[in-house]
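S.K.: How does the following fold in three dimensions:
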Amino acid sequence: MVETETRITTRYGAMPTFTAHPAGAGPWPAVILLMDAPGIREELRNHARRIAKQGYYCLLPDLYYRLGLLRFDLPRRDEAMSALVGAAFRSITDTAIRDDCAGVLSFIDAQDAAASGAVGAVGYCMSGRGVLVAAAAFPQRIKAAASLYGVRLVTDAPDSPHLHLGGIEAELYLAFGERDNASPQEQVDQLRTALAEAGRVFQLDVFAAADHGFMFAEGKNYAPTASEQAWTRVLDLLARKLG
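M.R.: Residues are numbered from 1 along each chain as shown. Modelled structure (predicted):
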């Protein structure tokens with residue numbers, strides 16, 4: 001495995017990014033892994049490594065770079081830390097996601113180890129929305145997108161992702177936990193209807209007894225069966241659309 005810590009130039013500045021891909025001859029299809037609200041940590045890097053081991057050039061950008069270098073010690077999370085995580089999460093806008101993904105795509109095109117053409121995008125929590133925003137912004141590049149227990153996918157605002165699915169060309173995978181109050185079932189049902197009406201190619205799972213964050217083994221809501229089923233769906237999607 002080849003791993004690097006690099007900086008990707010965006011419209012705002014230099015964005016720290018972890019990359020991983022197999023050793024040996026490439027190029028490898030690229031997958032952008034967008035972080036969840038607690039931000040960059042070793043467990044997220046391990047998720048990037050898991051994707052890379054399947055034969056991909058995986059990039060994990062630090063979306064909080066506009067705020068400086070933020071690293072949360074999650075085992076010691078308390079009310080004060082949760083307030084900081086929430087404030088950082090709320091700083092991420094759709095415009096920022098589009099600008100940052102534009103920078104990542106330009107970086108991919110400059111790497112010998114990364115294949116040109118179709119790209120995948122995977123995101124959790126706040127970035128479950130981000131992957132839909134990115135897929136709509138870059139339909140010619142992003143051909144596989146996985147939104148994992150995404151939040152704010154259905155809102156009353158005019159920029160709600162469920163209202164802007166028409167321009168997406170990617171095949172979509174979406175996964176939710178049955179017990180996740182951040183993505184209540186009525187919103188999941190609205191999203192499913194909007195996807196079908198927009199004619200998108202998608203698969204949507206709601207895992208019984210799973211809560212928000214069910215794919216992170218170090219978190220309190222880890223659900224191993226649901227997590228592995230979702231991983232299987234994600235990797236199958238990437239293999240089908242990226243090769």
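S.K.: Which strand residues bridge the closest residue in space to R233 that isn't next to it in sequence?
M.R.: Ranked by C-beta to C-beta, 6 or more residues apart in numbering and with sequence neighbours excluded, the top spatial neighbour of R233 is Y173, at 5.2 Å. For glycine as for every other residue, the C-beta is placed from the backbone atoms N, C-alpha and C. Bridge pairing for Y173 (DSSP bridges) gives the partners A146, Q203.
S.K.: give me every residue that touches Y173.
M.R.: A144, A145, A146, S147, F202, Q203, L204, D205, R233, V234, L237 (C-beta atoms under 8 Å, 6 or more residues apart in numbering).
S.K.: Max pairwise distance over the residues you listed: which two?
M.R.: Distance extremes for the contacts of Y173: the farthest pair is A144 and D205 at 15.9 Å, using C-beta to C-beta.
S.K.: Settle it for me: which of those two has more neighbours?
M.R.: A144 (25 against 16; other C-beta atoms under 10 Å).
S.K.: Where does that one fall, secondary structure wise?
M.R.: Following DSSP states H and E, one finds A144 within strand 142-148.
S.K.: which helices and strands does that strand pack with?
M.R.: In terms of contacts (3 or more C-beta pairs under 8 Å, 6 or more residues apart in numbering; DSSP states H and E), strand 142-148 is packed against strand 114-124, helix 126-137, strand 171-177, helix 224-242.
S.K.: List the buried residues of the lowest-mean-pLDDT helix or strand in the chain.
M.R.: Least confident helix or strand, the chain: helix 79-90 with a mean of 83, by mean pLDDT, DSSP states H and E. Buried residues in helix 79-90, defined by neighbour count with 16 or more other C-beta atoms under 10 Å: V85, A88, F89.
S.K.: Quick check: the gap between the last one and C101.
M.R.: Put plainly, it is F89. In this view, F89 and C101 are 18 Å apart by C-beta to C-beta, to the nearest Å.
S.K.: swap in the second one?
M.R.: Summarising the geometry, the distance separating A88 from C101, computed by C-beta to C-beta, is 19 Å.
S.K.: Mind checking which residue lies nearest the centre of this protein?
M.R.: Most central residue of the chain, judged by C-alpha distance to the mean C-alpha position with C-alpha atoms, centre = their mean, is G123 at 1.3 Å.
S.K.: so what's that residue up against?
M.R.: Contacts of G123 (C-beta under 8 Å, 6+ apart): L33, L34, M35, D36, R129, G130, V131, A146, S147, L148, G150.
S.K.: can you check Q187 too?
M.R.: Residues in contact with Q187 (C-beta under 8 Å, 6+ apart) are L153, V154.
S.K.: how would you label E5: helix, strand or coil?
M.R.: Using DSSP: H, G, I helix; E, B strand; the rest coil, the structure places E5 in strand.
S.K.: next one: the one 10 residues further on
M.R.: Following three-state DSSP, the label given to M15 is strand.
S.K.: That one contacts P61, doesn't it?
M.R.: Yes - at 5.3 Å, M15 counts as touching P61 under the criterion of C-beta atoms under 8 Å.
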